[in-house]
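J.: test case, fold it:
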Amino acid sequence: MRASSRGFSFIELLVAVFIIVLLTGVVTLGVGRGGADLRLEDEVSYVANLLMFASTEAGLSANDHGLFLGLTVENGADRYQGIWLQRFDQGWASPRVNAEIFGPLWFEEGSELRLTLDGQPDIDIQEYDPELNPTPQIVAWAGGEMTPGALEWLDQKTGELLFRLEWDLLGRMTALPGGEAVVEDPR
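T.: The predicted structure follows:
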């Protein structure tokens, strides 16, 4: 008897390729948002660490430090920027030490920032003009205190709250994914 060798038909190959493409698309969509979530979580953690470092630096140097949040128009789109400042006798200016740490802070595109400070009216984040000498909204005082408040990251398209970073008078940071505290399982 003669064994006949038979390969895949053209239709079977098309179906196999279609299934592979479909699975790749589903995985890419899932990983794509997950990657954005991880970048946002890293950004929130980075900002929290910088604020704590600024608070420590303010106490050690006996000079107030602060963060000014502003908007910059880049390629026709708004982008948020943080400018670190230090109080000198003449007013607020860029810190002269730790310039690599206290360099400009660029926030990820696609998010809108909302800043609230305890006991103050709503903060409107204005366009940053380097010619003006801005006063920081968030201040780490030389005495160890910090302006208590919160910074929220919202989805620019949907307005959904993605992350909330809160801090108190003593500079203790709390990062809240989706704006809500993560409840630990008591077991």
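J.: next SSE after the lowest-mean-pLDDT helix or strand in the chain?
T.: Least confident helix or strand, the chain: helix 10-61 with a mean of 80, by mean pLDDT, DSSP states H and E. Next along the chain after helix 10-61, taking DSSP states H and E as the criterion, comes strand 65-74.
J.: which element follows that following strand toward the C-terminus?
T.: Moving toward the C-terminus from strand 65-74, the next helix or strand (DSSP H and E) is strand 77-88.
J.: picking up where we left off before, could you say what helices and strands the least confident helix or strand of the chain packs with?
T.: Here helix 10-61 touches strand 65-74, strand 77-88, strand 138-140, strand 149-155, strand 161-167, strand 173-177, going by 3 or more Cβ pairs under 8 Å, 6 or more residues apart in numbering; DSSP states H and E. C-betas here are computed from N, CA, C, even on glycine.
J.: at 10 Å what do you get?
T.: In terms of contacts (3 or more Cβ pairs under 10 Å, 6 or more residues apart in numbering; DSSP states H and E), helix 10-61 is packed against strand 65-74, strand 77-88, strand 105-106, strand 111-117, strand 138-140, strand 149-155, strand 161-167, strand 173-177.
J.: closest to Ser45 out of those?
T.: Closest approach to Ser45 among these (Cβ to Cβ): strand 173-177, 6.7 Å.
J.: distance check, the residue positioned nearest the centre of the chain against Arg79.
T.: Geometric centre of the chain, nearest residue: Glu43, 3.8 Å, by Cα atoms, centre = their mean. Distance, Glu43 to Arg79, by Cβ to Cβ, to the nearest Å: 13 Å.
J.: overlap in contacts of those two?
T.: Common neighbours of Glu43 and Arg79, using Cβ atoms under 10 Å, 6 or more residues apart in numbering, are Trp106, Phe107, Glu108, Ser111.
J.: run through the chain and note the low-pLDDT ranges.
T.: Applying pLDDT under 70 to the chain picks out residues 1-5, 27-35, 98-99, 181-187.
J.: closest to Leu22 out of the shared contacts of Glu43 and Arg79?
T.: Using Cβ to Cβ, Glu108 is the member of the shared contacts of Glu43 and Arg79 that lies nearest Leu22, at 29.8 Å.
J.: in this structure that closest one contacts Trp153, no?
T.: Yes - counting by Cβ atoms under 10 Å, Glu108 touches Trp153, with 8.3 Å between them.
J.: of the two, who's got more company?
T.: Trp153 (25 against 13; other Cβ atoms under 10 Å).
J.: the more buried one bridge partners, please.
T.: On the basis of DSSP bridges, Trp153 is bridged to Leu113, Phe163.
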